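**Q** pasted the sequence and its predicted model underneath.
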Amino acid sequence: MNKSIFILAIESSCDETSVAIIENGSSIKANIVASQVKSHVRFGGVVPEVASRHHVEQISQLIGMAIKKSGISGWGQIDAVAVTQGPGLVGPLLVGVTAAKTLAYIYHKPLIAVNHLAGHIYSSRFMSELKFPLLALIVSGGHTELVYMEGDHRFEVVGETQDDAVGEAYDKVGRLLDLPYPAGKYLDVLAQKGDPRVYEVPRAMIDEENLDFSFSGMKSAVMNIVHNANQRGETIQSADLAAGFQLAVIEVIETKVRRALRTYPQVKQFVLAGGVAANSGIRTQLRKMMDEEFSQVEMLIPPLSLCGDNAAMIGAAAYPLFCEEQFSNLTINAKPGLML
Ligand code: KG4
Ligand code: ZN
């Protein structure tokens, strides 16, 4: 019987400190996520310096907790240390990268640098083996990207946002509607109570024959609706506006994913990933579209617990790199602008 490979993974690119122990890239032995959202909510967004300080305070403790929870005997059983190298906030990333380099050095383990966006895609690895070629849609607070993959870690970005990420647009619209930060999930809940036909929100770039997105104009359209209503002394029906915005986002995303799957008919799987993959409307509508038009393509959506930032996905993405001995040396640095 082959020996199991255990990877200790660290994620600290934004406002979640997370440490996981992953067996053979597909089984979660521990995945501890310490969210800092309570510290940032009063600022209405993530404050990088506050985030860095929280990561420093949390990380050593979480490493100990993850090892204990995993049931492994200790460092002797760990085969490699993986860490998010980027993209993300430089201070937060540095905390994770420094911790990982230190652990790799002390315990003589290989170090594996992982791209955060690759991590989001590999969060589906806990649902099924990845079958290539696949198409992935990453929708998060910082990114909106359609990615074609011929094989493990072979990424081709075939479409992306020209301005705001979809999660960013959700957070900004939510703030306008006085929802707490991060507003995406609250806006999603509110949208389900509203009528999407009351307010007209444009579907940006929907008719353009490409796979790119633009969410900034859609966000501005919502802002204009609110400002105009305020000037006229009218009350905004928040649920209706949330529903109008959500439906516009869903229609744009559905149209672009459909176009991508028609462009790449050889695709075996479609992966939906990133924090916004938790959105009920997007999950439901894409699932429906897949059943109706692309039933030959397997759709993978991670459970809600693995949509947001977590270290399990970093461990999953690290495993194929481990198998190919794609290790990093201890001089690596955080890369806030890292691309796929
Ligand atoms: O992937 P993630 O945890 O962090 C980044 O890498 O950015 O994504 C966070 C984003 C936030 O913008 C948050 O508002 C959004 O995901 N989000 C949602 C939902 N849950 C989280 N957006 C829409 N609907 C949701 N249910
Ligand atoms: Zn993320």
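**A** Done, it's in. Ligands and ions are numbered 1, 2, ... in the order given.
**Q** domains in the chain, by residue range?
**A** 6-123+306-323, 132-301 (automatic domain parsing).
**Q** quick one: mean pLDDT for the longest one?
**A** Per-residue pLDDT values over domain 132-301 give a mean of 97.
**Q** now distance to ligand 2 and mean neighbour count too, for the domains of the chain, in JSON lines please.
**A** For every residue, glycine as well, the C-beta is placed using N, CA and C. Formatted as JSON lines, the domains of the chain follow (distance: least, Cβ to the ion, whole Å; neighbours: other Cβ atoms under 10 Å):
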{"stretch": "domain 6-123+306-323", "distance to ligand 2": "4", "mean neighbour count": "21"}
{"stretch": "domain 132-301", "distance to ligand 2": "4", "mean neighbour count": "19"}
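**Q** which one, of those domains, ends up nearest to ligand 1?
**A** Closest to ligand 1 of the domains of the chain is domain 132-301 (Cβ to the nearest ligand atom; 2.0 Å).
**Q** any part of the closest one near ligand 1?
**A** Yes. Using Cβ under 6 Å from any ligand atom, domain 132-301 comes into contact with ligand 1 via 140-142, 167, 170-171, 182-185, 188, 274-276, 278-279.
**Q** now do the contacts for the residue nearest the centre of the chain.
**A** Geometric centre of the chain, nearest residue: residue 274, 2.4 Å, by Cα atoms, centre = their mean. For residue 274, the contact set (Cβ atoms under 8 Å, 6 or more residues apart in numbering) comprises 120, 138-140, 143, 167, 307.
**Q** centre of the chain to the helix or strand where residue 171 lies, how far?
**A** Using DSSP states H and E, residue 171 sits in helix 166-176. Relative to the chain's own centre, helix 166-176 is displaced by 16 Å; criterion: Cα atoms, centre = their mean, to the nearest Å.
**Q** partner strands of whichever strand or helix holds residue 146, with direction?
**A** Assigned by DSSP H and E, residue 146 belongs to strand 144-151. Strand 144-151 has its sheet partners listed here by DSSP bridges as strand 134-139 (antiparallel), strand 154-160 (antiparallel).
**Q** and the ones you listed as CSV, adding distance to residue 241?
**A** Converted to CSV, the strands paired with strand 144-151 look like this (distance: least, Cβ to Cβ, whole Å):
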stretch, distance to residue 241
strand 134-139, 21
strand 154-160, 27
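**Q** nearest to residue 177, of those strands?
**A** Nearest of the strands paired with strand 144-151 to residue 177, taken as Cβ to Cβ: strand 134-139 at 19.9 Å.
**Q** measure how that closest one sits relative to helix 166-176, angle-wise.
**A** 20 degrees (axes from the mean of the first three to the mean of the last three Cα atoms, to 10 degrees).
**Q** gap between strand 134-139 and the chain center?
**A** 10 Å.
**Q** residues in contact with it?
**A** 117, 120-121, 124, 144-149, 158, 165-167, 253, 257, 260-261, 264, 267-277, 279, 282.
**Q** wait, residue 5 sits on residue 26?
**A** No. The criterion here is Cβ atoms under 8 Å, and residue 5 misses it with residue 26 at 10.4 Å.
**Q** shared neighbours, those two?
**A** Common neighbours of residue 5 and residue 26 (Cβ under 8 Å, 6+ apart) are residue 319.
**Q** any idea of the mean pLDDT for the helix or strand harbouring residue 85?
**A** In the assignment (DSSP H and E), residue 85 maps to strand 80-86. The average pLDDT within strand 80-86 is 98.
**Q** elements contacting it?
**A** Contact here means 3 or more Cβ pairs under 8 Å, 6 or more residues apart in numbering; DSSP states H and E; on that basis strand 80-86 packs against strand 6-11, helix 90-107, strand 111-115, helix 116-122, helix 312-323.
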